[in-house]
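Enquirer: Turn this into a structure:
(2 chains)
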Amino acid sequence: MKIDVYRKKKRQFTIFALIVLCMTFISAKLTNFSFVQGISSVPEAFRWMGSNLLITRESFEKMPSILDKLIETIFLSITATTTASIIALLLALLGSQTTKVNGFFSTLSRFIASVFRNIPIVAWALILLLSFGQNALTGYFALFLATLGFLTRVFTETIDETSNSSVEALQSTGANYYQVVSKAVLPECSPQMISWILFMVETNIRSSTLVGILTGTGIGFAFDLYYKSMNYNVVSLITLSIVVVVISIELISNYIRRVIL
Amino acid sequence: MDTVKSSVTFDIRTKPSGKIKITNWNKSKVVMTGTLLVLTLLSMYGFLTFDYKEINLIQATLDTLANLKLMFLQANLNNFTLAEAIYQIGLTVGLAFLATIIGAVISLFIALFAAKNLSPKPLANTIIIFIAFIRAVPTVLWVFIFAIAAGLGSEAAILGMLLHTVAFLVKAFAESIEELDAGVIEALRASGANWWHVVTNAVIPSTMTSLLSWTFLRFETNFTVAVAMGAVAGAGGIGFELFMASGFYFDMKEVGFITYAILLIAVMLEFMSTRLKKRYIVKS
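Expert: Numbers count the residues shown, from 1 in each chain, chains lettered A, B, ... in the order given. Predicted structure coming up:
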């Protein structure tokens, strides 16, 4: 009996491994990916990085303009996140099982969240680019819409998970909807929500680089410009400055999370 | 008869107006309020300093809404056939799959050295700092950097995505391994098992399900990344078609069709990964 269990497990594992191998082979065929070429280009890439991605004195002269673009990108991701979080909070209050007004709005809110979340940010950027042009607002709205979808989902989950008992306690004392939301739901959920907002600020700095390449704004545009003019020293300076910003924001938000959670 | 006096006295703090104070200003509350205040101020400053280039906001919004209406209500293919569209979606899924599966295998080996209960602390910390650095660089920048060595195409895209996938999965895997009961490892070690025995008999079997769930979660992310790489870095696939349809043909109906296709795959992947996550990662 015991041996049968092991044999069954082994067979399941073998079948699973075979399926994965098959899919890997099909994917490689489909994408024209050759493992040999892929592997052989790795050392070459690192050698190239070691010899070309050096920050020289001349590239430092570009620092003020890079800093300017970088600050634009940081502000873009912060504004998009904060404004999206306000709308997301309203949608989450409508969508959550604990605080919903009625079934229709709850379903609607979940539907909106799902659609906005699952359309990739590049698609939003490309669509908005047509009418907004190369403008800071294009990036802002693209980030805003994607963030809205994500935050609505996590806020809804947070409200569902954390505030059941205190909502019930307040309701039994005769509190009305607004009192329940402001005295039970918001205080209970706010540490978790702030943590998610900080996570989104971090993510958005990386996404806004991507969006910037498409829409010609912020640090993404600067990267694209120097990359295409093959000024790789400046490219490495830009990459390094993005790393510094992302890691500092990560450290700050880790500190805040440790205190509030 | 004497009245019974309560021996417990409550320290009720009141405001000057006589109302009872109910907010307690501890450190966590101060930090939370401060964070929200700083974020609000920064956003206000951001809105004031953006370079708007004299855009007509109302006109642009109306145009976008008209485009969206065209996209979602009259989605259609014009420049390529349905079969080709399915092929392009397959290409994107393939890119994401390859980056995820190769990344997962590499990550598993690195994670064994990055977990603090299996490897010496200095080594684990070095790996964690190193992957934090790799993770901080946006994926698209890695793809561009690899494109110089390998040429624009699937190799560069997969390598760039791979690097980011490894950086993400090593952290997640190492954390899953660290959650393992210390007693199990100790018991095996006491019976004379070496490092490799511990890994194959304790670590892998008991963390397998959560490792697989994390891998699938990353596959979901990588699909979106693969779409982006197609559009930005010329890696082909549905992302590139999206870029062509909107940037060159200005064909909103086709953009609509492609968006629907991406949405369909993404919703399917999300549905599966949410179920896996509920079952294996979040333990309540």
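Enquirer: For the chain, which segments count as helices?
Expert: If you meant another chain, say so; for now it's chain A. Ranges of helices within chain A are A:2-31, A:35-52, A:57-60, A:63-95, A:103-118, A:121-132, A:136-162, A:164-172, A:177-180, A:186-215, A:218-228, A:232-260, based on DSSP state H.
Enquirer: You answered for a different chain; I wanted chain B.
Expert: Taking DSSP H as the test, the helices found in chain B are B:27-49, B:57-73, B:82-114, B:121-136, B:139-150, B:154-178, B:182-190, B:195-198, B:204-232, B:238-247, B:252-276.
Enquirer: could those go into CSV alongside mean pLDDT and mean neighbour count?
Expert: No exception for glycine: its C-beta is placed from N, CA and C like everyone else's. Formatted as CSV, the helices of chain B follow (pLDDT from 0 to 100; neighbours: other Cβ atoms under 10 Å in any protein chain shown):
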stretch, mean pLDDT, mean neighbour count
helix B:27-49, 89, 14
helix B:57-73, 84, 14
helix B:82-114, 92, 21
helix B:121-136, 91, 15
helix B:139-150, 83, 25
helix B:154-178, 90, 24
helix B:182-190, 87, 12
helix B:195-198, 86, 14
helix B:204-232, 88, 22
helix B:238-247, 87, 24
helix B:252-276, 88, 19
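Enquirer: Give me the distance between the residue lying closest to residue B:88 once chain neighbours are set aside and residue A:213.
Expert: In space, residue B:88 comes closest to residue B:238 once its chain neighbours are excluded; the distance is 4.6 Å by Cβ to Cβ, 6 or more residues apart in numbering or on different chains. Separation of residue B:238 from residue A:213 (Cβ to Cβ, to the nearest Å): 18 Å.
Enquirer: Of all the helices of chain B, which one comes closest to residue A:17?
Expert: Closest of the helices of chain B to residue A:17 is helix B:82-114, at 11.1 Å (criterion: Cβ to Cβ).
Enquirer: Which strands or helices does the closest one pack on?
Expert: helix A:2-31, helix B:121-136, helix B:154-178, helix B:204-232, helix B:238-247, helix B:252-276 (3 or more Cβ pairs under 8 Å, 6 or more residues apart in numbering or on different chains; DSSP states H and E).
Enquirer: Out of those, which is closest to residue A:146?
Expert: Nearest of the helices and strands packed on helix B:82-114 to residue A:146, taken as Cβ to Cβ: helix B:204-232 at 9.6 Å.
Enquirer: Okay, angle between that closest one and helix B:154-178 too, please.
Expert: 150 degrees (axes from the mean of the first three to the mean of the last three Cα atoms, to 10 degrees).
Enquirer: out of everything not next to it in sequence, what's closest to the residue nearest the centre of chain B?
Expert: For chain B, the residue nearest the mean C-alpha position is residue B:221 (5.9 Å; Cα atoms, centre = their mean). Spatial nearest neighbour of residue B:221, excluding adjacent residues (Cβ to Cβ, 6+ apart): residue B:168 at 7.8 Å.
Enquirer: ok, now residue B:260?
Expert: residue B:75 (5.5 Å).
Enquirer: tell me the phi and psi of that neighbour?
Expert: phi -60, psi 130 (degrees, to the nearest 10).
Enquirer: Do you know the pLDDT at it?
Expert: The model reports residue B:75 with a pLDDT of 80.
Enquirer: Count the residues that sit near it.
Expert: 17 (other Cβ atoms under 10 Å in any protein chain shown).
Enquirer: In contact with it, which residues are there?
Expert: The contact partners of residue B:75, taken as Cβ atoms under 8 Å, 6 or more residues apart in numbering or on different chains, are B:253, B:256, B:257, B:259, B:260.
Enquirer: Equivalent analysis for residue B:252, please.
Expert: Listed by Cβ under 8 Å, 6+ apart, the contact set of residue B:252 reads A:130, B:67, B:70, B:71, B:246.
Enquirer: if we go to 6 Å?
Expert: Taking Cβ atoms under 6 Å, 6 or more residues apart in numbering or on different chains as the criterion, residue B:252 is in contact with B:67, B:70, B:71.
Enquirer: And for the second one, nearest residue in space, chain neighbours not counted?
Expert: Looking back up the chat, that one is residue B:70. residue B:252 (4.3 Å).
Enquirer: ok, residue A:161 to residue A:60 distance?
Expert: For residue A:161, the distance to residue A:60 equals 49 Å [Cβ to Cβ].
Enquirer: and stretch B:192-209, how far from the chain's centre?
Expert: Taking Cα atoms, centre = their mean, to the nearest Å, one finds the center of stretch B:192-209 at 28 Å from the center of the full chain.
Enquirer: Any chance of the helices of chain A in CSV with mean pLDDT, distance to chain B and mean neighbour count as columns?
Expert: Output for those, formatted as CSV (pLDDT from 0 to 100; distance: least, Cβ to the nearest Cβ, whole Å; neighbours: other Cβ atoms under 10 Å in any protein chain shown):
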stretch, mean pLDDT, distance to chain B, mean neighbour count
helix A:2-31, 83, 4, 12
helix A:35-52, 79, 4, 14
helix A:57-60, 76, 16, 12
helix A:63-95, 91, 3, 21
helix A:103-118, 89, 4, 17
helix A:121-132, 87, 3, 24
helix A:136-162, 90, 4, 24
helix A:164-172, 85, 13, 14
helix A:177-180, 87, 13, 13
helix A:186-215, 90, 4, 23
helix A:218-228, 88, 6, 22
helix A:232-260, 90, 4, 18
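Enquirer: would you list those helices in a markdown table and tack on distance to residue B:162?
Expert: Output for the helices of chain A, formatted as a markdown table (distance: least, Cβ to Cβ, whole Å):
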| stretch | distance to residue B:162 |
| --- | --- |
| helix A:2-31 | 13 |
| helix A:35-52 | 9 |
| helix A:57-60 | 28 |
| helix A:63-95 | 25 |
| helix A:103-118 | 24 |
| helix A:121-132 | 20 |
| helix A:136-162 | 24 |
| helix A:164-172 | 42 |
| helix A:177-180 | 48 |
| helix A:186-215 | 17 |
| helix A:218-228 | 20 |
| helix A:232-260 | 18 |
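Enquirer: Pick out the residue nearest the middle of chain A.
Expert: Central residue of chain A (Cα atoms, centre = their mean): residue A:203, 3.9 Å from the mean position.
Enquirer: Please list the residues of the stretch 1-150 of chain B that sit near chain A.
Expert: Residues of the stretch 1-150 of chain B found near chain A (Cβ under 6 Å from any Cβ of the partner chain) are B:28, B:31-32, B:35, B:39, B:42-43, B:46-47, B:50-51, B:53, B:55, B:60, B:63-64, B:90-91, B:94-95, B:97-98, B:101, B:136-138, B:140-141, B:144, B:146, B:149-150.
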